[in-house]
Every structure is written in structure tokens, then in C-alpha cells.
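Student: here is a sequence with its predicted model. Questions after.
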Amino acid sequence: MNTQKMLSVVIPAYNEKETVLRIIEKVLKLDFVAEIILVDDGSTDGTRELLEQATFDDRVKLFFHDRNRGKGAALRTGFGHVTAEIVAIQDADLEYDPNEFIEMIQPIREGVADVVYGSRLSGGKPQRVHLFWHRMGNGFLTFLTDLLYNTTLSDMETCYKMFRKEVLETIRIESDDFSVEPELTAKICKNKRWRVYEIPISYYGRSYAEGKKISWRHGFSALWTLLKYRFKD
């Protein structure tokens, strides 16, 4: 792996006191990471205080929302401060392993991709077995994405999305909540100039008792978002 630091990692965090420092540590071990931009989205469990008291190297940049505004709002803040040529999204829990970035970044570095999705559903990597209805909902939304936008994604709702910075500069995020996932996908897939690839990734999913936040209710807003941006510029 070329050690040139070319990746900005944006981490939206909300009430992740138990995991946020560990995920920062894991990301910083990647020698091609130029910066971590962590946005605390109004945490109330002590996450903010923990971050304010911790000591980080100069690659870590912290931003704080005064209230909880949602994942989309946190990403909007984070994307506004990226400086590297490639950008990736990392949740603040431990469901996704940052070591997957090693494979995900290759198609972009080699000049064949503008966007890379880490797919939990394309096989080949460890997957926690749980939450049947969550899997069914994701499958339906991914099918609808492929139908509406004439594409072949296998995991539209994945957190792991990596982009050339130029791609993000063409997208204005409007969603404040979890609808940011289908919004990003819709706007990327609608713009046929972007070359989108998928890489299989592992997934260490949490149960709701363990802190998982997205629920079946978010599926309705995701459905509306996919339909809306199919016909809206």
C-alpha cells in the first residue's frame, strides 16, 4: 500500500461513548488516512465530554453540534471540512472494520472508479447472522434503487461509501436524518458520469439492545427519498 495520505474519513457520532475512541484508533492505524473529521451530533451520553478530554494526533479534527440533528446533518458538516482527494464515511460504532478501506480504495487509486460501495451482501466476508426483517427491508430498497436508477447495487444502505472528493462537490445533501443514505445513492446513480464499484466487506452488526439506531420505520423515509430524487434534480 502506498503510504501517501490521501483519505479523509468522516465519522458522524451520536451517543457512542463505548466505541468512539476505539474506532478512531482503528482508523488512525491506516497509513493512507490523511485526516479524521469527527462530528459529534449532540450526544447526551458523555461522548462529547470524552472527546473533548482525549488527546489525539493532529490528523483528528473534532466538530460539535449543539443538538442532535441527524446523520445527514453530521455528514454535511463533515464533508464541508474534508481536504484529501478521497473521502470515506465511517460510523462511530464497531459494526464496520476500517481495514476494509484497504481494498475499497484500490479501484479509485487505480483510476477505474469514482465511487466505491462496501457491500455487506455480496459474499466472501464475515457477516453477523441476525435481524431478518432489517435484511428484507434493505433488500427491497436496494431492488427499488436498481429498478429506478438502472444500476446493479447489492447493498444500497451500507455505511461504507467512498468517493473521490470531486464527486461530493457535485452533491448538495438535503436530508438531515438517515435518509442521507438513499439520497447519496440516488444522486450518485442518477449522474451517469460517475463510475461506481462494489467491494465485499465484513459486517459486525449490533442488535437494538447493543445500540443499533436505525429501525424499520426509517424504511418509509428511505422509500420516499428514492422516489423523490428519481424525478427531482
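Tutor: Good, I have the coordinates.
Student: residue 202: neighbour count?
Tutor: Residue 202: 16 surrounding residues under other CB atoms under 10 Å. C-beta: built from backbone N, CA, C; applies to glycine.
Student: for the closest residue to it other than its chain neighbours, give me its contacts.
Tutor: Closest residue in space to residue 202, ignoring its immediate chain neighbours: residue 125 at 4.0 Å, by CB to CB, 6 or more residues apart in numbering. Counting by CB atoms under 8 Å, 6 or more residues apart in numbering, residue 125 makes contact with 200, 201, 202, 203.
Student: select only the buried ones of the residues you listed in PyMOL?
Tutor: Per 16 or more other CB atoms under 10 Å, the buried members of these correspond to this PyMOL selection:
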select buried, resi 200+201+202+203
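Student: which ones among the contacts of residue 125 are found in strands?
Tutor: If you go by DSSP state E, the contacts of residue 125 have residue 200 in strands.
Student: mind saving the C-alpha coords of stretch 16-23 as PDB?
Tutor: The C-alpha trace of stretch 16-23 is given here as PDB (Å, rounded to 0.1, in the frame of the first residue of the first chain):
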ATOM      1  CA  GLU A  16     -21.300   6.200  21.100                       C
ATOM      2  CA  LYS A  17     -19.200   6.700  24.300                       C
ATOM      3  CA  GLU A  18     -18.300   3.000  24.500                       C
ATOM      4  CA  THR A  19     -16.900   2.700  20.900                       C
ATOM      5  CA  VAL A  20     -15.900   6.100  19.600                       C
ATOM      6  CA  LEU A  21     -12.300   6.100  20.800                       C
ATOM      7  CA  ARG A  22     -11.700   2.600  19.600                       C
ATOM      8  CA  ILE A  23     -12.900   3.400  16.100                       C
END
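Student: off-centre distance for that stretch?
Tutor: Stretch 16-23 sits 16 Å away from the centroid of its parent chain (CA atoms, centre = their mean, to the nearest Å).
Student: which strand is the longest one in the chain?
Tutor: strand 33-41.
Student: who does that strand pair up with?
Tutor: Strand 33-41 has these partner strands in its sheet, going by DSSP bridges: strand 7-13 (parallel), strand 60-65 (parallel).
Student: residues making contact with it?
Tutor: 5-14, 20, 24, 27-28, 47-48, 51, 59-65, 68-71, 73-75, 77-78, 81-84, 92, 101.
Student: what lies in contact with the helix or strand that contains residue 181?
Tutor: Per DSSP states H and E, residue 181 falls inside helix 180-190. Contacting residues not belonging to helix 180-190 are listed as 70-72, 75, 115, 141, 145, 148-151, 153, 156-159, 161, 163, 167, 171, 173-175, 194, 196, 222, 225-226, 229-230 [CB under 8 Å, 6+ apart].
Student: restricted to strands, list the residues you listed.
Tutor: Per DSSP E, those map to strands at 115, 161, 163, 196.
Student: what angle sits between the longest helix anywhere in the chain and helix 180-190?
Tutor: As assigned by DSSP state H, the longest helix anywhere in the chain is helix 132-149. Between helix 132-149 and helix 180-190, the angle comes out at 30 degrees (axes from the mean of the first three to the mean of the last three CA atoms, to 10 degrees).
Student: output the below-cut-off pLDDT ranges for this structure.
Tutor: Counting by pLDDT under 70, the chain contains low-confidence ranges at 1-3, 124, 126-131, 133, 206-216, 233.
Student: looking at the ones in strands among the contacts of helix 180-190, spot the one nearest residue 218.
Tutor: residue 161 (16.9 Å; CB to CB).
Student: may I see the buried residues of stretch 53-62?
Tutor: Under the neighbour-count criterion of 16+ other CB under 10 Å, stretch 53-62 has 59, 60, 61, 62 buried.
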